[in-house]
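Novice: requesting a structural model of the entry that follows:
(2 chains)
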2 protein chains.
Amino acid sequence: MAIQTRTIAYQHAGLTYEGLLAWDDTASGPRPGVAVAHTWAGRSEFEDGKAIELAEHGYVAFALDMFGKGVRGEGAEQCQGLIAPLLADRALLQDLVNLGVGVMSEQAEVDASCVAAMGYCFGGLTVLDLARSGAMVRGVVSFHGLFNAPGNTEGTRIEAKVLCLHGYDDPMATPEDLLALAQELTAAGADWQVHAYGNTLHAFTNPQANDPGFGALYSAAADRRSSEALYNFLEEVLA
Amino acid sequence: MAIQTRTIAYQHAGLTYEGLLAWDDTASGPRPGVAVAHTWAGRSEFEDGKAIELAEHGYVAFALDMFGKGVRGEGAEQCQGLIAPLLADRALLQDLVNLGVGVMSEQAEVDASCVAAMGYCFGGLTVLDLARSGAMVRGVVSFHGLFNAPGNTEGTRIEAKVLCLHGYDDPMATPEDLLALAQELTAAGADWQVHAYGNTLHAFTNPQANDPGFGALYSAAADRRSSEALYNFLEEVLA
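Specialist: Numbers count the residues shown, from 1 in each chain, chains lettered A, B, ... in the order given. As a prediction, this is how the structure comes out:
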């Protein structure tokens, strides 16, 4: 097995974005594709590492870029500033994630009929919005994602299967938000699941997360359980 | 591999109960044990079949009896009549399930230090009550179980890891019940998870369930997903 990577630049509204493709070059023929949407800090080693891990599992993975080439946030204030324009314009967010998934699907290594997406935190919201936009992806997986509805997709049927991996004590996605999401996904006809982990905060997959006062803390148990759930789900939807 | 079974009679308050033990006699030495708690209809081929399936996965399983030897319900009214005394006396319910798990643990085939329990519908409530009673089992798994708190276990720490596999549209366990359960399990210090399946009713694991008006309907997807979650969980807690 030999994992390969290459960066891929793509354009939107005059801006350049840069994702990272990862695949196993010993695989024969096109393989199912999995897009990875980043946190509010922008595409980083974390998401690139997840893409490589997916490639080790036999998928072709693409770490998306929602901010623009080289744009990264440091600290909560800067990160909040990066996501604010996309939270304020969910149609733009939806366009960008659909574009990124489309770029992945065009790659020779990818079986374009067999594509899913996953994301972390802001990236969880991003892939939920991909599903909400009616995209014909097989499935989306949100890890400690934000749940709030975009407001521009009511009446659109969700074709993708949806899996939300959720820390129940995440202050950014409260129990009330969870109930609202369940109602929204049901109304949109989605095949959905939420795995709620007790005593678990935001950012539970990130070994660097260590700010319980802010609501973010790594959990080895939730990290392991959510990873198992991810690969079970991908096996189901990308078979 | 050769799956063996034997019935085991046990006594409580002058009544005889009869469970079914299932194991693989090609396994060497004591194996982890998994008790299976029945629905409101009493111990049936369904639970015995689950015990045999667990034995095929390398566990020693024991289909419990909460009603008494040969006592079975047919139809909703009769079944309701069977569970009513136990719902009205949760201490009795807790005694009976602890007794049954103890009987399993005493069997030569079982590693008594490595025991879990699972159950369906009323049996889901039963294994939640086992955990609530502070039993030193490694984990409990509720399939479309009832959630309502017993009222006699406040202040008792839950030692068992808890996994609830839940149809989100189950009218017997509403979203409000789910929030209350989450609060209760958190307060009791439990390591807990709930997997909620959208568009899924009560009794989703039972291929015979076909009464959506009553809120009970088989779901092949939720059955498969919950089975995967069960075996992942058992692998985690009984390792």
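Novice: ranges for the helices of chain A?
Specialist: Using DSSP state H, the helices of chain A run over A:45-56, A:75-88, A:90-106, A:122-132, A:175-187, A:220-237.
Novice: so of those helices, which one's packed in deepest?
Specialist: Counting by mean count of other CB atoms under 10 Å in any protein chain shown, helix A:122-132 has the highest mean neighbour count of the helices of chain A, with a mean of 28. The C-beta positions use only the backbone N, C-alpha and C, and glycine is treated the same way.
Novice: right, is it up against chain B?
Specialist: No. Helix A:122-132 is not in contact with chain B by CB under 8 Å from any CB of the partner chain; minimum separation 12.4 Å.
Novice: packing partners for that helix?
Specialist: strand A:31-37, helix A:75-88, helix A:90-106, strand A:110-120, strand A:139-143, strand A:161-167 (3 or more CB pairs under 8 Å, 6 or more residues apart in numbering or on different chains; DSSP states H and E).
Novice: among the helices of chain A, which comes closest to residue B:209?
Specialist: helix A:175-187 (19.8 Å; CB to CB).
Novice: could you check the angle strand A:161-167 makes with that closest one?
Specialist: 170 degrees (axes from the mean of the first three to the mean of the last three CA atoms, to 10 degrees).
Novice: strands paired with the worst-scoring helix or strand of chain A on mean pLDDT, and their directions?
Specialist: Least confident helix or strand, chain A: strand A:210-211 with a mean of 94, by mean pLDDT, DSSP states H and E. Looking at strand A:210-211 with DSSP bridges, its partner strands are strand A:216-217 (antiparallel).
Novice: state the pLDDT value of residue A:27.
Specialist: Residue A:27 is assigned a predicted lDDT (pLDDT) of 87.
Novice: any idea how many residues pack against it?
Specialist: A count of neighbours around residue A:27, defined by other CB atoms under 10 Å in any protein chain shown, yields 15.
Novice: just give the nearest non-adjacent residue to it, would you?
Specialist: Nearest residue to residue A:27, sequence neighbours excluded (CB to CB, 6 or more residues apart in numbering or on different chains): residue A:58, at 6.5 Å.
Novice: same question for residue A:20.
Specialist: Residue A:20's closest residue in space is residue A:63 (CB to CB, 6+ apart), at 4.4 Å.
Novice: how about residue A:90?
Specialist: residue A:150 (3.7 Å).
Novice: so which residues on chain A come close to chain B?
Specialist: So far as CB under 8 Å from any CB goes, chain A lies against chain B at A:162, A:168-169, A:175, A:179, A:182, A:185-186, A:190-199, A:221, A:224-225, A:228-229, A:232, A:236.
Novice: ok, 7 Å please
Specialist: Contact residues (CB under 7 Å from any CB of the partner chain) of chain A with chain B: A:168, A:175, A:179, A:182, A:185-186, A:190-199, A:221, A:225, A:228, A:232.
Novice: how about low-confidence regions in chain A?
Specialist: A:1 (pLDDT under 70).
Novice: tell me the centre residue of it?
Specialist: residue A:119 (1.7 Å; CA atoms, centre = their mean).
Novice: residue contacts, that one?
Specialist: Counting by CB atoms under 7 Å, 6 or more residues apart in numbering or on different chains, residue A:119 touches A:36, A:37, A:126, A:127, A:142, A:143, A:145.
Novice: distance to residue A:157 for those - can I get that in a markdown table?
Specialist: Below are the contacts of residue A:119 laid out as a markdown table (distance: CB to CB, whole Å):
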| residue | distance to residue A:157 |
| --- | --- |
| A:36 | 25 |
| A:37 | 21 |
| A:126 | 19 |
| A:127 | 17 |
| A:142 | 19 |
| A:143 | 24 |
| A:145 | 20 |
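Novice: could you identify the most distant pair in these?
Specialist: Across the contacts of residue A:119, the two lying at the largest distance from each other (CB to CB) are A:36 and A:145, at 12.8 Å.
Novice: alright, I will stop here.
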